[in-house]
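what follows is a predicted protein model with its sequence.
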Amino acid sequence: MKVKKKLLCIGSYILVAALAAAITLTVFAQQEVEISKLDQLEALIGERFIGESDQEALEDAAADAMVKATGDRWSYYIPASQYETYTEQMANAYVGVGITIQEAEEDAGFVVMAVTAGGPAEDAGMMVEDLLIGVEDQDVRGMTTTEVRNLVRGEEGTTVRMTVLRKGENITLAVERRRVETPVATYEMLTNQVGLVTIENFDSRCADETIAAIETLLGNGAKKLIFDVRNNPGGYASELVKVLDYLLPEGELFRTVTYDGKENVDYSDANCLELPMAVLVNSSSYSAAEFFAAALSEYEAAIVVGEQTVGKGYFQNTFRLDDGSAVALSVGKYFTPKGSSLADVGITPDVVVTVDEETSSAIYYGTLTPEEDPQIQAALKALK
């Protein structure tokens, strides 16, 4: 009887000790696990906020603010809803109708500024300067450009009805949504055997289209070239290097240094293009566009004409997040052939030609003829 009682006492002590240990471990675990400030705030809004809240909107705003808080103007957050548009821009192709629109004054609609040659809108009869006022029976006057774009977008092969105002008459067009490849490099022959090559960006197909444009102009008798990289936002370093390799003699073309100190240098072979050249730049020539002009200038292969550039000397990698959103994060630096960084410095043109806001807008939308464009005329004069 005493033995049994003693065993019961020992068992009780063991149970108490085990429970005490469990409580201690639980408290210790709670102390070790720290909830981040963002998680705490999200939970607090979800549990206590008196109004309605959209969790996705909260997370998008927090992610955007976090990237901006790095202080780097070139890193940016891409919501999941915008990622498809982002990839389309990088591919220079999209499913749509092939127009560029600009909001008209006083919410009157959207002016059609450009119609892609051979695209669905052109096939349906849409014209530059049409005023877009309706999409699928919805009045778009007063909407934002993004809202209109979302109405127009849809699956490839489907049709969208678009109403335009033309010379006082409402015209409704049935436009098929198709894959549209936006031209990357276009060209034309100017006076005195000078060829003009306009490079929209350095994304997909840039090198192939730029080199093809140059060779077509040379075949048509061009003896001098002007490259227009105004309003060019940059793009892939690989596309830039291919174009520079075609144009420049043997030597260093481009240098990158990543966040972990790894360095890469691209070189040109001995083949090059030997003829007078000029490059047009402005304050919206970024990244690869700036380094394109800088490389040609440092090799004394081209005169730079136009306006001071902004100086984007960092490059970004795009990282996809679990929810389908992404972040383009600055992960390295670019350097010119002579080893210069353009970060926050940019390029000062050899021939500075500033333009007013109206002219700048006309250059952006391509509504100026070369004869009316003061920067093209300055480049022609410089090449003489």
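Right, received. Where do you want to start?

when you work out contacts or count neighbours from here on, use the C-alpha atoms and nothing else.
Will do.

where do the helices of the stretch 101-250 of the chain begin and end?
120-124, 145-152, 206-219, 237-247 (DSSP state H, counting those that start in this stretch).

weakest of these by average pLDDT?
Here the lowest mean pLDDT among these goes to helix 145-152, at a mean of 92.

what are the phi and psi angles of the residue nearest to residue 86 when sequence neighbours are not counted?
In this structure, residue 86 finds its nearest non-sequential neighbour in residue 78, 8.0 Å apart by C-alpha to C-alpha, 6 or more residues apart in numbering. Torsion angles at residue 78 (phi, psi; degrees, to the nearest 10) stand at phi -120, psi 110.

show me the beta-bridge partners of residue 78.
With DSSP bridges as the criterion, residue 78 is bridged to residue 326.

surely it and residue 323 touch.
No: look at residue 78 against residue 323 with C-alpha atoms under 8 Å: they stay out of range, at 11.2 Å.

gap between residue 74 and residue 316?
8 Å (C-alpha to C-alpha, to the nearest Å).

ugh, wrong one, I meant residue 197
Residue 197 is 27 Å from residue 316, by C-alpha to C-alpha.

can you pull up the bridge partners for residue 320?
Bridge pairing for residue 320 - DSSP bridges - gives residue 326.

tell me, how many residues neighbour it?
Neighbour count of residue 320, defined by other C-alpha atoms under 10 Å: 14.

from residue 84, how far out is it?
Taking C-alpha to C-alpha, one finds residue 320 at 12 Å from residue 84.

can I see the domain layout of this structure?
The chain breaks down by automatic domain parsing into domains covering 93-181, 185-383.

could you tell me the end-to-end distance of the longest one?
Between the opening and closing residues of domain 185-383 lies a distance of 21 Å (C-alpha to C-alpha).

please renumber the chain so that the first residue is 636 from this point on.
Fine by me, first position is 636 from now on; the one you just mentioned is domain 820-1018.

hey, where'd the strands end up in the stretch 736-885 of the chain?
For the stretch 736-885 of the chain, the strands defined by DSSP state E, counting those that start in this stretch occupy 745-750, 766-770, 773-774, 794-801, 804-811, 813-816, 820-824, 829-834, 859-863.

among the ones you listed, which is nearest residue 681?
Closest of the strands of the stretch 736-885 of the chain to residue 681 is strand 773-774, at 35.6 Å (criterion: C-alpha to C-alpha).

now that closest one: mean pLDDT?
95.

given that strand, what are its sheet partners and their directions?
For strand 773-774, pairing defined by DSSP bridges yields strand 766-770 (antiparallel).

compute the inter-axis angle for the strand it pairs with and strand 804-811.
Taking axes from the mean of the first three to the mean of the last three C-alpha atoms, to 10 degrees, one finds strand 766-770 and strand 804-811 inclined to each other by 60 degrees.

OK, contacts around residue 985?
Applying C-alpha atoms under 8 Å, 6 or more residues apart in numbering to residue 985 gives the contacts 938, 939, 940.

how about a cut-off of 6 Å?
Counting by C-alpha atoms under 6 Å, 6 or more residues apart in numbering, residue 985 touches 939, 940.

distance-wise, check it relative to residue 913.
10 Å.
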